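1. Show me how the following folds:
(one chain, ligands or ions: 1)
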Amino acid sequence: MADTAALFQPIHLGAIASPNRIAMAPLTRGRAGESRIPNDLMVEYYRQRASAGVIIAEATAISEQGYGWDQAPGIYNDAQVAGWQKITDAVHEAGGKILLQLWHVGRASHTDFQPNGERPVSSSAIAIQGEAHTPQGKKTYEVPRALELNEIPGIIQQYVNATKRAMSAGFDGVEVHGANGYLLDQFLRDGVNQRTDAYGGSIENRARLMLEVTQAVIATWSADRVGLRLSPNSTFNDLSDSNTVATFTYVAEQLEPLGLAYLHVVEALPGHFMHTEGERAAPAIRKAFSGPLILNGGYDAESGADAIASGAADLISYGIPFIANPDLPARFRSGAELNAPDPATFYSRGKQGYTDYPSMQAS
Ligand SMILES: Cc1cc2nc3c(=O)[nH]c(=O)nc-3n(C[C@H](O)[C@H](O)[C@H](O)COP(=O)(O)O)c2cc1C
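-> Sure thing, here's the model as predicted:
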């Protein structure tokens, strides 16, 4: 059996004590129903996975404007806070830690989701080539509306409001979703951002919104309760960048003095469906940012332990392995076989493929 001891050392992510180096990656599962309110089925799903060092709960809309995935949850009204409270209570009772991923999808929305059928917003008026998951099934993405300069404070306020609600719902912290081609990434990367104001053009300008949001979230809660997720090489949501390493090195340098709980970098290993060619930014980020670094994308127990032992990462987050294995840390520790994931149920409804994967004791 491979030496995976490095995965089982405790660590602090800012104020959050993690008993191991195995984080659960944020995973959109579309089980919150039309109400977008976390429910008992979701309580059970997260409770089952409480042995993760930390759970980073699924991307959760910070506002109606920021919503863009059918039956994903929100954190912009009191009923959603009450629903999340049941989940954080259950995870805490089971001895776990849980953070919430704060999500504004920007142009990855659809008028069907928007208040008053308005257009989705982004850095620039350029549509995603692809399809949105709307209540009426998949629909072609529309051309978004470029945010006006005077709307930016309102966007930042949405993150502040969601952070306050996450605090009152009992989370251990929040993760700002800066990855995967959603709003903050749509500002950061020049594959979309064609603005000519203070939020476009240079790397400094394109990074401005992400950094202002991060600082506002920190000011609302505390740096040691706030993480940020980045995906330097991801092409998801039709996004790209002409100078990935320079862009993300700059972001990491700016984050360095803020005292974040952690930085979370998605950069999938070769062979993984999310892997893209090109120079990896994670090593440069590692050099520029001295706080805890979580790496993600295609890791197993052995490659995860190796990444930690070599100093490339402090934790590894696991996505699909946690979908199929609620007791992933115990399986990694014992070298047990893993359940196979069923992609057909990743975004389906109900408990099938959600809460019915067996734990070792039950299998
Ligand atoms: C079903 C599914 C849902 C996902 N939802 C999110 C999400 O809500 N937020 C996010 O940042 N990444 C999301 N991702 C990406 C994962 O967090 C992770 O980066 C990816 O699965 C690669 O890690 P893995 O190889 O350990 O699964 C999702 C991936 C899958 C397969």
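2. List the residues that contact the residue of the chain found nearest the ligand.
-> Residue nearest to the ligand within the chain (C-beta to the nearest ligand atom): G319, separated by 2.8 Å. Every C-beta, even on glycine, is put in place using the N, C-alpha and C of the backbone. Residues counted as contacts of G319 (C-beta atoms under 8 Å, 6 or more residues apart in numbering) are M24, A25, P26, L27, N296.
3. The residue lying farthest from the centre of the chain - nearest residue in space that isn't next to it in sequence?
-> Distance from the C-alpha centroid of the chain peaks at M1, with 31.3 Å (C-alpha atoms, centre = their mean). Leaving out its chain neighbours, the residue that sits closest to M1 by C-beta to C-beta, 6 or more residues apart in numbering is G335, at 4.1 Å.
4. That neighbour and L7 touch, don't they?
-> No: if you go by C-beta atoms under 8 Å, G335 and L7 don't touch, sitting 11.8 Å apart.
5. and for those two, which residues touch both?
-> Going by C-beta under 8 Å, 6+ apart, residues that sit against G335 and also against L7 are A301.
6. neighbour-wise, which of these two wins?
-> Set G335 next to L7 and count neighbours by other C-beta atoms under 10 Å: L7 wins out with 23 against 11.
7. Just read off the phi/psi values of that one.
-> Recorded main-chain torsions at L7 are phi -80, psi -10, according to degrees, to the nearest 10.
8. Just the pLDDT at S334, thanks.
-> Per-residue pLDDT puts S334 at 95.
9. Might one say that A57 is in contact with A25?
-> No: applying C-beta under 8 Å as the test, A57 and A25 come out as separate, 10.3 Å apart.
10. More neighbours: which of the two?
-> Each of A57 and A25 has its neighbours counted (other C-beta under 10 Å); A57 has more, 28 against 24.
11. next one: stretch 159-175 to chain centre, how far?
-> Computed by C-alpha atoms, centre = their mean, to the nearest Å, the chain-centroid distance of stretch 159-175 equals 14 Å.
12. residue boundaries of the helices in the stretch 1-150 of the chain?
-> For the stretch 1-150 of the chain, the helices defined by DSSP state H, counting those that start in this stretch cover 40-48, 78-93.
13. between those helices, which gets nearest to Y182?
-> Set against Y182 and scored by C-beta to C-beta, the helices of the stretch 1-150 of the chain come closest in helix 78-93, at 18.8 Å.
14. could you give the angle of that closest one to helix 40-48?
-> Helix 78-93 and helix 40-48 are oriented at 30 degrees to each other (axes from the mean of the first three to the mean of the last three C-alpha atoms, to 10 degrees).
15. quick one: contacts of the helix or strand N161 falls within?
-> If you go by DSSP states H and E, N161 is part of helix 152-168. Residues from elsewhere that reach helix 152-168 (C-beta under 8 Å, 6+ apart): 60, 62-63, 65-66, 75-76, 80-81, 84, 100, 102, 104, 147, 174, 176, 183, 199, 209, 212-213, 216-217, 220-221.
16. Can you tell me the strand partners of the helix or strand following that helix and which way each runs?
-> Per DSSP H and E, helix 152-168 leads on to strand 173-177 as the next helix or strand towards the C-terminus. The sheet places strand 173-177 alongside strand 98-103 (parallel), strand 226-230 (parallel), with pairing taken from DSSP bridges.
17. can you pull the buried residues of the helix holding N161?
-> I152, I155, I156, Q158, Y159, V160, A162, T163, R165, A166, M167 (16 or more other C-beta atoms under 10 Å).
18. what does stretch 2-10 rub up against?
-> Residues contacting stretch 2-10 (C-beta under 8 Å, 6+ apart): 17-22, 301-302, 304-306, 308-309, 316, 329, 332-333, 335.
19. let's see it at 6 Å
-> Contact with stretch 2-10 is made by P19, N20, R21, I22, A301, E302, G304, A305, I308, A309, F332, as judged by C-beta atoms under 6 Å, 6 or more residues apart in numbering.
20. tell me, how many neighbours does the third one end up with?
-> The tally of other residues near R21 (other C-beta under 10 Å) stands at 26.
21. so which helix or strand takes in T249?
-> If you go by DSSP H and E, T249 is part of helix 244-255.
22. and after that helix, which helix or strand comes next?
-> Moving toward the C-terminus from helix 244-255, the next helix or strand (DSSP H and E) is strand 262-266.
23. Could you give me the buried positions within the helix or strand just after that following strand?
-> Helices and strands here follow DSSP H and E; after strand 262-266, the next one along the chain is helix 282-288. Buried residues in helix 282-288, defined by neighbour count with 16+ other C-beta under 10 Å: A282, A284, I285, R286, A288.
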